[in-house]
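S.K.: give me a 3D structure for the following:
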Amino acid sequence: MKPPLLPKRIHYGDIFMNRKDQVNRRSLCMGMAVAPFALSAVFSASAQGRFPTVVIPFVPGGATDIFGRLYANALGGEGSEKYIVENRGGAGGAIGLAHVASAVPDGRTVLYTYGNLSIALPLTVKDAPDILRDFEPVIRTIVTQGLIVTAANSPMRSFADLLKMAKAEPGKVTFGDYGELTLAHLMRAAGIDLMRVPYKGGVPAMVDVISGQVDIYAGSAAQLAPQVKGGKLRVLAVTSEERVLDFPDVPTVREVFPGYRALNYQGVFVRKGTPPAVIDALYKQSLAAITKPHFQQQAAAQYAAVKPMNPAEFKKFMEADAVDIAAAIKLAPK
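M.R.: Sure thing, here's the model as predicted:
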């Protein structure tokens, strides 16, 4: 049977504990990224013979994939082991997290993902792993800039147009979503109702916005800016704290709604129970990798800033972020 043109449209409130994304759990897109690894001194002998792996819980081409591969390539020094980069997308990232949560806790299978998206998973996807309960944070790597976009030929030409349409016809404006809560924060701040269209990842959502099948999408500037510059998308607003240099005339959401908050940040995690010595060694190696000038320049070119936190700082930061995210989900219009 031919699939429908659009995924089933549901209101944002329908996501709560009832979401059943249809995913093919056997599908796996693997890419090889050669990167050094120098933690053999703290790994058990049983771990030897297995390639260290960075698991990215989203499909290729999105911001997590872009920065996860930069991280894998930057990690370590010459003469070490190769990294295998695995994309295990689906269920808003839950499949990839579940894979790492069931891995051997020896630090050789690490998770690279958005911290804020992972915090939201247990609140939005039934039986999803809990990033604060089932994992140990290793390091916060970057903070990304984000955009709200629409198709280049959309009647919405500005952020004001989006707000006007959403208020005039509650629930009619559609947005592509894969578990990213930027627009939930917007609904909370602006008191508007949008119609959610679920996706397995940001790239398929972006493609449907370009074609006009979905009205808007919020994602990273790394993913969306090339499509804007190519004339396929139009930027309506910036979701990060400061305006994006490439789009100086586009306002931030916070300029209109000072109480708006949606910080997108990425980091590295390992399974709960990983020995502290392994976490500490991986943190130090990761810190050396992401603070190299070359990595910082690559991050800046992809609209991100390197802002590391150590494991304790990162955990405390995420615990505070979880309070804001829960409030955004709870108060988002149904």
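
S.K.: for the rest of this, base every contact and every neighbour count on C-alpha atoms.
M.R.: Noted.

S.K.: hang on, residue 214 in a helix?
M.R.: No: assessed with DSSP: H, G, I helix; E, B strand; the rest coil, residue 214 is coil; it does not lie in a helix.

S.K.: tell me which element residue 222 is part of?
M.R.: If you go by DSSP states H and E, residue 222 is part of helix 221-229.

S.K.: and residue 147, which of the three is it?
M.R.: Secondary structure for residue 147, judged by three-state DSSP, is strand.

S.K.: I misspoke; the intended subject was residue 84.
M.R.: Per three-state DSSP, residue 84 ends up strand.

S.K.: what bridges to the nearest residue to residue 304 once chain neighbours are set aside?
M.R.: In space, and not counting its chain neighbours, residue 304 is closest to residue 144: 4.3 Å by CA to CA, 6 or more residues apart in numbering. Beta bridges link residue 144 to residue 264, residue 304, judged by DSSP bridges.

S.K.: assign the closest residue to residue 298 other than its chain neighbours to helix, strand or coil.
M.R.: Distances taken as CA to CA, 6+ apart place residue 70 nearest to residue 298, at 7.9 Å, with adjacent residues excluded. Three-state call for residue 70 (three-state DSSP): helix.

S.K.: with residue 267 instead?
M.R.: Under three-state DSSP, residue 267 comes out as strand.

S.K.: does it touch residue 112 like I think?
M.R.: Yes: with contact defined as CA atoms under 8 Å, residue 267 reaches residue 112; the gap is 5.8 Å.

S.K.: the more surrounded of the two?
M.R.: Shown here are residue 267 and residue 112; by other CA atoms under 10 Å, residue 112 has more neighbours (30 against 24).

S.K.: can you tell me the helix or strand for the more buried one?
M.R.: strand 109-114.

S.K.: packing partners of the helix or strand that that strand is followed by?
M.R.: Sequence order places helix 115-124 as the next helix or strand after strand 109-114, per DSSP H and E. Contacts defined by 3 or more CA pairs under 8 Å, 6 or more residues apart in numbering; DSSP states H and E place helix 115-124 against helix 131-134, strand 264-271, helix 311-331.

S.K.: can I get those in JSON lines with mean pLDDT and distance to residue 166?
M.R.: Output for those, formatted as JSON lines (pLDDT from 0 to 100; distance: least, CA to CA, whole Å):
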{"stretch": "helix 131-134", "mean pLDDT": "97", "distance to residue 166": "33"}
{"stretch": "strand 264-271", "mean pLDDT": "96", "distance to residue 166": "24"}
{"stretch": "helix 311-331", "mean pLDDT": "89", "distance to residue 166": "17"}
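
S.K.: quick one, which of the ones you listed is packed in tightest?
M.R.: Among these, strand 264-271 has the highest mean neighbour count (mean count of other CA atoms under 10 Å), at a mean of 25.

S.K.: check which residues of the helix or strand following that one are buried.
M.R.: Sequence-wise, the next helix or strand downstream of strand 264-271 (DSSP H and E) is helix 276-290. For helix 276-290, burial by neighbour count (16 or more other CA atoms under 10 Å) applies to 278-279, 281-283, 285-287, 289-290.

S.K.: average pLDDT for helix 276-290?
M.R.: The pLDDT scores in helix 276-290 average 95.

S.K.: export that helix as PDB, just CAs?
M.R.: Extracted in PDB, the C-alpha atoms of helix 276-290 (Å, rounded to 0.1, in the frame of the first residue of the first chain):
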ATOM      1  CA  PRO A 276      34.800   6.700  36.900                       C
ATOM      2  CA  ALA A 277      38.400   6.300  35.700                       C
ATOM      3  CA  VAL A 278      37.100   5.600  32.200                       C
ATOM      4  CA  ILE A 279      34.800   8.600  32.300                       C
ATOM      5  CA  ASP A 280      37.600  10.800  33.500                       C
ATOM      6  CA  ALA A 281      40.000   9.600  30.900                       C
ATOM      7  CA  LEU A 282      37.400  10.100  28.100                       C
ATOM      8  CA  TYR A 283      36.500  13.600  29.400                       C
ATOM      9  CA  LYS A 284      40.200  14.700  29.300                       C
ATOM     10  CA  GLN A 285      40.700  13.300  25.900                       C
ATOM     11  CA  SER A 286      37.500  14.800  24.600                       C
ATOM     12  CA  LEU A 287      38.300  18.200  26.100                       C
ATOM     13  CA  ALA A 288      41.700  18.200  24.400                       C
ATOM     14  CA  ALA A 289      40.000  17.300  21.100                       C
ATOM     15  CA  ILE A 290      37.200  19.900  21.100                       C
END
